[in-house]
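Enquirer: Mind looking at a prediction? Sequence and model below.
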Amino acid sequence: MKFVVATNNGGKLQEFRDILKEFGHEAVSLKEVNIDTDFEETGETFRENAYMKAGTIAKLSGLPTIADDSGLMVEALGGEPGVYSARYCGRHGDDAANNEKLLEKMKGNKERRAKFVSAVCAVFPDGRVLQAEGECPGEILHEPKGNGGFGYDPLFYVPALGKTFAQMDKTEKNMVSHRKKALDKLKILLSK
Ligand code: IMP
């Protein structure tokens, strides 16, 4: 099946392309369906925001649409940055400034546990809605490591693989990532 992916984030789009391909589905970008829009993320949960994004684009495109709303939740910061992950520093999508703010807030903190969370949502033209969530546990490093990926990848260390997300190739990240786990669950719902 062909899914429009409701995101303006190039890093996420690539991950969706790879994972959906592995499942035998095809990902189409907003650009490919001539939609140019910014998303309002006014929900209080990842789940609400994912539904809003997928619903908006399914309506505009008339095609099956998948969205994810995701973010980093840091234990010592009471779950921050959470749904504000993309705009933690005050500007949307400034990864360098978001990482800097996170490091500043974690300065001197020995408790480094964190997790990435992804809520995925598929909305179909007939109004059907499927939702699933995935998590990946890890730790916040004291300095960035690795050059790959996007967002907080260089600061997020995954003990299970002994690397940050930014040090992993896409196969490794897709073995453990929150987005892959959420899409694995969605795949089961899609097959029902
Ligand atoms: P949104 O879901 O598009 O609102 O933004 C999610 C934000 O969370 C991104 O801009 C990143 O800052 C962060 N994020 C989500 N998933 C990942 C990931 O896999 N790696 C790094 N950062 C991520």
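Expert: Here it is on my side, so go on. Numbering: from 1, shown residues only.

Enquirer: rest of the way, CA atoms for contacts and neighbours
Expert: Will do.

Enquirer: average pLDDT for the top helix by length along the chain?
Expert: Once the chain is assigned using DSSP state H, the helix that runs over the most residues is helix 46-61. Across helix 46-61, the average pLDDT comes to 97.

Enquirer: Need the contact partners of the very next helix or strand once past it.
Expert: Later in the chain than helix 46-61, the nearest helix or strand by DSSP states H and E is strand 65-74. Applying C-alpha atoms under 8 Å, 6 or more residues apart in numbering, the external contacts of strand 65-74 come out as 3-7, 46-47, 49-51, 53-55, 57-58, 79-86, 112-124, 152, 179.

Enquirer: let's go with 7 Å and repeat that
Expert: Here strand 65-74 makes contact (C-alpha atoms under 7 Å, 6 or more residues apart in numbering) with 3-7, 46-47, 49-50, 53-54, 57-58, 79-83, 85, 113-124.

Enquirer: List only those of those residues flagged as buried.
Expert: Applying a neighbour-count criterion of 16 or more other C-alpha atoms under 10 Å, the buried members of the contacts of strand 65-74 are 3-7, 46-47, 49-50, 53-54, 57-58, 80-83, 85, 113-124.

Enquirer: mind listing the helices for the protein?
Expert: Under DSSP H, the chain gives helices at 10-22, 46-61, 95-106, 170-176, 178-190.

Enquirer: Could you list the residues of this protein in contact with the ligand?
Expert: 68-71, 85-86, 93, 150-153 (C-alpha under 6 Å from any ligand atom).

Enquirer: I'd like those residues laid out as a markdown table, including pLDDT and distance to Arg128.
Expert: Formatted as a markdown table, the residues of the chain next to the ligand follow (pLDDT from 0 to 100; distance: C-alpha to C-alpha, whole Å):
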| residue | pLDDT | distance to Arg128 |
| --- | --- | --- |
| Asp68 | 96 | 16 |
| Asp69 | 97 | 19 |
| Ser70 | 97 | 22 |
| Gly71 | 97 | 25 |
| Ser85 | 97 | 28 |
| Ala86 | 95 | 28 |
| Gly93 | 91 | 30 |
| Phe150 | 95 | 31 |
| Gly151 | 97 | 31 |
| Tyr152 | 98 | 33 |
| Asp153 | 98 | 33 |
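
Enquirer: ranking these by neighbours, who comes first?
Expert: Greatest neighbour count in the residues of the chain next to the ligand, by other C-alpha atoms under 10 Å, goes to Asp68: 30 neighbours.

Enquirer: Can you tell me, leaving aside adjacent residues, what's nearest to it?
Expert: Val120 (4.2 Å; C-alpha to C-alpha, 6 or more residues apart in numbering).

Enquirer: That'll do, ta.
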